[in-house]
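Asks: Task: produce atomic coordinates for the following.
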Amino acid sequence: VAEILAEAGSPARLIRHGIRDEYSLIAPPTHLYKHYRLDAAGIEATVREALG
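Replies: The predicted structure is shown next:
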């Protein structure tokens, strides 16, 4: 998505959202998604924080 936005010259704001450079935990996927904010609630919270 970022590449397409950049090539199109779009002034859209880009926010990185993913696992930071660290040793990851070992747990069932649903727990990891929640911990790293990659579940629906985490993504929503990240967007809301970015929008202010």
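
Asks: Could you use CA atoms for every contact and neighbour count after this?
Replies: Fine.

Asks: most centrally placed residue in this protein?
Replies: Central residue of the chain (C-alpha atoms, centre = their mean): His17, 2.1 Å from the mean position.

Asks: Phi first, then psi, for that residue.
Replies: Dihedral angles of His17 (phi, psi; degrees, to the nearest 10) stand at phi -140, psi 110.

Asks: Just the CA atoms of the lowest-mean-pLDDT helix or strand in the chain, as PDB, please.
Replies: Every helix and strand of the chain was ranked by mean pLDDT, DSSP states H and E. The lowest is helix 2-7, at a mean of 88. Taking Å, rounded to 0.1, in the frame of the first residue of the first chain, the C-alpha atoms of helix 2-7 are listed here in PDB:
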ATOM      1  CA  ALA A   2       2.800   2.400   0.900                       C
ATOM      2  CA  GLU A   3       4.500   1.900  -2.400                       C
ATOM      3  CA  ILE A   4       1.300   2.600  -4.400                       C
ATOM      4  CA  LEU A   5       0.600   5.700  -2.400                       C
ATOM      5  CA  ALA A   6       4.200   7.000  -2.900                       C
ATOM      6  CA  GLU A   7       4.100   6.300  -6.600                       C
END
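
Asks: which residues touch that helix?
Replies: 11-12, 14 (C-alpha atoms under 8 Å, 6 or more residues apart in numbering).
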